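Peer 1: Turn this into a structure:
(one chain, ligands or ions: 2)
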Amino acid sequence: MCNKKTFPLGGLHLNKQKISALSPIQDAGIPPLVYIPVKQHIGTPAQIIVAPGDKVKIGTLLAKANGALSANIHASVAGEVKKIEEIQGEKGYFEQVITIQTSADEYEAEIDTSPDINSNIPQDVEEIRQKITAAGLVGMGGAGFPTPIKTTIPENKSVQYLIINGIECEPYLTADGALMLEKPEQIVIGAKLLNKVLGIQNAIIAIDENKPQAIAKITQVTKRYVGVNVAVCKSKYPQGGEKQLITAITGREVPAGKLPIDAGCVVQNVATTYAVYEAVMKNKPLYERIVTVSGDPSLTTAGNYLTRIGTPAEYLLDKAHTNKSQIGKLLFGGPMMGVSAVSLQAPITKKTGGLVVIDTASSLRQDETCCIRCGKCAEVCPMGLMPFAIASNLRRNNTAPLKALHVADCIECGACSYICPAKVPLVDYCKLGKYEVNKQK
Ligand code: SF4
Ligand code: SF4
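Peer 2: Ligands and ions are numbered 1, 2, ... in the order given. A predicted model of the protein is given here:
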């Protein structure tokens, strides 16, 4: 195990509120209806291959990847396709979903549902890659970047580091921590599969120092598997940011506007790594994931739930005995980077690590006052930006300096907004600034 690692620039020490850190994973069960979006990844929506009236099983292919940045979509329940319609997703946009009315659990024949751990890693790299692609794997830390792309290294590039991201630095979220506590061996085998497909010898599982039980469990398992090690990272926000984690572990920097592979690195989330294990060793498509329900303790009972993709948020909130009438804001994700949902019916997707509920009083936006030029926003920015200057230029409709202020490098971590005593919505200005710079291209 290495000494505690961290990134050098900026960052915050947050009250982590990991209320459900040691809550065992509970099965959320099967809702009467699931709404499965055909776009749960960064690219074009998958192409639907079912129609209303079709009977499906758990794992049936519903929609085929439509291009390199797309991903297959599978049924998370057995039942009947009722509708193909547009509903409001987590971001409030209308998106195409396949609605399935559920019946008793019935799995596609090839899925191995036994609890046995399979450590017989296939020797054929193409077989591993093909199974990852068929299973519809995407980055489950929130990015939704299709996993097959990250496991195919372009000819002019090479990879030296595989980092498995087990940091989970957002307050409240504990889904990845719970997975590391309950499925450590499967995660380590998943890391070995990724080693194999990337053609490297060693994976590093990065874990926040605030997860001592997960560090102990994973470290114990790695003693039995050559080629997987643990790195303990300091508890600092946003330690789980891809660029921050790469610098912390390797000392390398991802060049501006480039990808981790340009620094010889591949980063995969622990949940994705577990999904790689399940896809390759159990023939299991990505149709369920662990989701934390947490937030204000007077509103909900925090817990970690094994949840079928397409489950409406409301169903999961009810499982956690949430007082829905008092919710001021429902976040898909954590309070720093999460998205405020406009509908309780918005479905859980492959990217949803948590639902966080905030009470009505705390959800009110505090009035913005004048910038007092304290410089705190620049101090905490992990990308070394000057958020106050970005905001001030945008307020004056002066978009010309935005490029030189490197707004495109903003990772939207929200640290600047959080620290600002004047309550300037700096991250919103940065998002707008990125949009403006994109327009100038
Ligand atoms: S949101 Fe952007 S500008 Fe603000 S601290 Fe994070 S990276 Fe820096
Ligand atoms: S933290 Fe807020 S008040 Fe301080 S310089 Fe930045 S924008 Fe201005």
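Peer 1: Can you name the residue of the stretch 251-400 of the chain nearest ligand 1?
Peer 2: The minimum distance from the stretch 251-400 of the chain to ligand 1, using Cβ to the nearest ligand atom, falls at Cys381 (3.3 Å). All C-beta atoms are positioned from the backbone trio N, CA, C, and that covers glycine.
Peer 1: what secondary structure does the closest residue to Val97 other than its chain neighbours sit in?
Peer 2: Counting by Cβ to Cβ, 6 or more residues apart in numbering, Val97 lies nearest to Tyr35, which is 4.3 Å off, once chain neighbours are set aside. Following DSSP: H, G, I helix; E, B strand; the rest coil, the label given to Tyr35 is strand.
Peer 1: if we can go back for a sec, tell me which element the nearest residue to the residue of the stretch 251-400 of the chain closest to ligand 1 once chain neighbours are set aside falls in.
Peer 2: The spatially closest residue to Cys381, leaving aside those adjacent along the chain, is Gly10, at 4.8 Å (Cβ to Cβ, 6+ apart). Using DSSP states H and E, Gly10 maps to neither a helix nor a strand.
Peer 1: Let's verify the closest residue in space to Ala46 that isn't next to it in sequence: helix, strand, or coil?
Peer 2: Nearest non-adjacent residue to Ala46, counting by Cβ to Cβ, 6+ apart: Ala63, 3.5 Å away. In terms of secondary structure, Ala63 is strand; the call rests on three-state DSSP.
Peer 1: related to what we said a few turns ago, so what's the residue nearest to Val97 bridging to?
Peer 2: Here Tyr35 sits in beta bridges with Thr99, going by DSSP bridges.
Peer 1: Could you do Val291 as well?
Peer 2: Going by DSSP bridges, Val291 forms beta bridges with Tyr305.
Peer 1: Report pLDDT for it.
Peer 2: Each residue has a pLDDT score; the one for Val291 is 98.
Peer 1: Tell me where the model's unsure across this protein.
Peer 2: Across the chain, the stretches falling below the confidence threshold (pLDDT under 70) are 1-3, 88-93, 363-364.
Peer 1: can you give me the helices in it?
Peer 2: Using DSSP state H, the helices of the chain run over residues 125-134, 147-150, 175-182, 184-198, 212-222, 242-250, 270-281, 313-319, 360-363, 376-380, 387-395, 415-419, 426-440.
Peer 1: For ligand 2, what's the nearest residue on the stretch 101-250 of the chain?
Peer 2: In the stretch 101-250 of the chain, the residue that lies nearest ligand 2 is Tyr237 (15.9 Å; Cβ to the nearest ligand atom).
Peer 1: so what's that residue up against?
Peer 2: When the contact criterion is Cβ atoms under 8 Å, 6 or more residues apart in numbering, the partners of Tyr237 are Gly11, Leu12, His13, Leu14, Cys169, Glu170, Met336, Cys413, Ala415.
Peer 1: Return the residues in contact with the closest residue in space to the first one that isn't next to it in sequence.
Peer 2: Of all residues beyond its chain neighbours, the one nearest Gly11 is Lys236 (4.4 Å), with distances taken as Cβ to Cβ, 6+ apart. For Lys236, the residues meeting the contact criterion (Cβ under 8 Å, 6+ apart) are Thr6, Phe7, Gly11, Leu12, His13, Cys169.
Peer 1: One more pass at 10 Å, please.
Peer 2: For Lys236, the residues meeting the contact criterion (Cβ atoms under 10 Å, 6 or more residues apart in numbering) are 4, 6-7, 10-14, 167, 169, 208-209, 244, 248, 382.
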